[in-house]
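J.: let's see this in three dimensions:
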Amino acid sequence: MSRIAMITFNFVPENPQTYKYDFLGELSILNHRQYCERHGYDFIGEVDIDHSRPVCWAKLPAVHKALHDYDWVLWADSDTLICDMSRSLQEFCDHRYDLIVQYQEHWWKLINLENGTERFPINSGVFLIRSSDWSLRFLEESYAQTQYVTRSEVWDRIGEQEGMNYVIRETPGYRERIKYAHGVQTSPLLFKGDDFMVHFYGDHLRHYIPTGECSAVLERWEQAIKQGLAWPVDIKRFHWCCAQNKTDGAQIVQGDLGMFLYNLEDIQQA
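T.: As a prediction, this is how the structure comes out:
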């Protein structure tokens with residue numbers, strides 16, 4: 001049986017302006033740890049961080065290190081939650097490939113983006129990677145793409161994913177190493193209830209949900225996840241509560257409803 005590890009670390013910036021890291025990140029760590037305990041996978045929640053780069057880059061050396069000890073490593077960002085705790089990672093592992101990522105064509109069609117996978121080969125928020133010489137080389141080459149290193153503390157929509165995608169675009173043969181699988185991760189918009197993992201992406205979104213309402217939503221979701229209950233139905237609202245600025249008039253606004261194909265009603269009603 002393959003040795004499998006899951007890596008998720010959460011870095012909470014000083015004076016967080018959203019609930020992205022100090023709430024969702026901590027809940028994600030708990031959720032992922034519970035999943036690994038259930039299936040007998042090793043969970044890695046602490047990694048070395050080079051603060052000369054945004055923290056998001058730390059995933060690459062962390063995964064590289066783990067591949068020396070495990071046959072497969074699952075990376076998952078700290079803004080992801082596992083919904084179907086019964087599914088095993090073995091169903092995604094395919095030894096004919098080195099990198100397993102989410103199939104994205106349906107998303108490109110939804111946003112009318114032509115050649116989406118050609119331009120953006122992978123979403124690095126969640127991926128499975130096999131221990132191989134190719135995998136180690138790919139991670140090293142991706143980490144070397146310093147043209148995508150910004151001065152942000154955590155992430156500013158440019159990071160390690162751009163480095164990974166650049167390497168794949170520049171080396172077409174690498175695409176043969178990648179398997180696009182259904183159900184690795186999905187967005188709250190497309191969530192159907194039986195998906196494995198949901199990615200609550202984005203940060204510093206425009207403030208719409210008042211503080212009191214936001215706190216109530218977060219508390220309901222926290223209790224459901226901690227107790228292993230069915231998720232509440234207001235997944236888009238929960239998404240916005242986690243990633244919106246805590247207060248109106250915040251200096252940094254990195255996203256609004258249209259970026260997620262949401263309507264105002266989606267985040268204001270259960």
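
J.: when you work out contacts or count neighbours from here on, use the C-alpha atoms and nothing else.
T.: Fine.

J.: list the buried ones in the longest helix seen in the chain?
T.: When the chain is scanned for its longest helix (criterion: DSSP state H), the result is helix 211-226. By neighbour count on 16 or more other CA atoms under 10 Å, the buried set for helix 211-226 is 214, 217, 218, 221, 222, 225.

J.: dump the residues you listed to a markdown table, plus pLDDT and distance to residue 48.
T.: Output for the buried residues of helix 211-226, formatted as a markdown table (pLDDT from 0 to 100; distance: CA to CA, whole Å):
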| residue | pLDDT | distance to residue 48 |
| --- | --- | --- |
| 214 | 97 | 33 |
| 217 | 98 | 33 |
| 218 | 98 | 30 |
| 221 | 98 | 30 |
| 222 | 98 | 28 |
| 225 | 96 | 28 |
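
J.: what segments of the protein are strands?
T.: With strands called from DSSP state E, the chain shows them at 4-7, 42-44, 72-76, 80-82, 99-102, 126-130, 178-181, 197-199.

J.: residue 263 is nearest to which of these?
T.: strand 197-199 (18.7 Å; CA to CA).

J.: pull up the gap between the residue nearest to residue 248 when sequence neighbours are not counted and residue 246, please.
T.: Counting by CA to CA, 6 or more residues apart in numbering, residue 207 is the residue found nearest to residue 248 once chain neighbours are left out, at 5.2 Å. Relative to residue 246, residue 207 is positioned 7 Å away (CA to CA, to the nearest Å).

J.: and residue 60, by the same measure?
T.: 30 Å.

J.: look at these two and report which has more neighbours.
T.: When residue 60 and residue 246 are compared for neighbours, residue 246 comes out ahead with 22 against 19, by other CA atoms under 10 Å.

J.: report the contact partners of the more buried one.
T.: Applying CA atoms under 8 Å, 6 or more residues apart in numbering, one finds that residue 246 lies in contact with 17, 18, 19, 207, 211.

J.: my read is that the third one contacts residue 243, right?
T.: Yes - judged on CA atoms under 8 Å, residue 19 makes contact with residue 243 at a distance of 6.1 Å.

J.: helices of this structure, start to end?
T.: Going by DSSP H, the chain shows helices at 26-39, 59-66, 105-110, 116-119, 133-143, 160-170, 211-226, 235-243, 264-268.

J.: export these to a markdown table and tack on distance to residue 82?
T.: Conversion of those to a markdown table gives the following (distance: least, CA to CA, whole Å):
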| stretch | distance to residue 82 |
| --- | --- |
| helix 26-39 | 7 |
| helix 59-66 | 19 |
| helix 105-110 | 20 |
| helix 116-119 | 25 |
| helix 133-143 | 25 |
| helix 160-170 | 21 |
| helix 211-226 | 9 |
| helix 235-243 | 13 |
| helix 264-268 | 21 |
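
J.: tell me which of those helices sits most buried.
T.: Mean neighbour counts were compared across those using mean count of other CA atoms under 10 Å; the top stretch is helix 235-243, at a mean of 25.

J.: list the contacts of it.
T.: In contact with helix 235-243 (CA under 8 Å, 6+ apart) are residues 18-20, 23-24, 188-189, 200-205, 209, 214, 217-218, 221, 266-270.

J.: average pLDDT across it?
T.: Average pLDDT, helix 235-243: 98.
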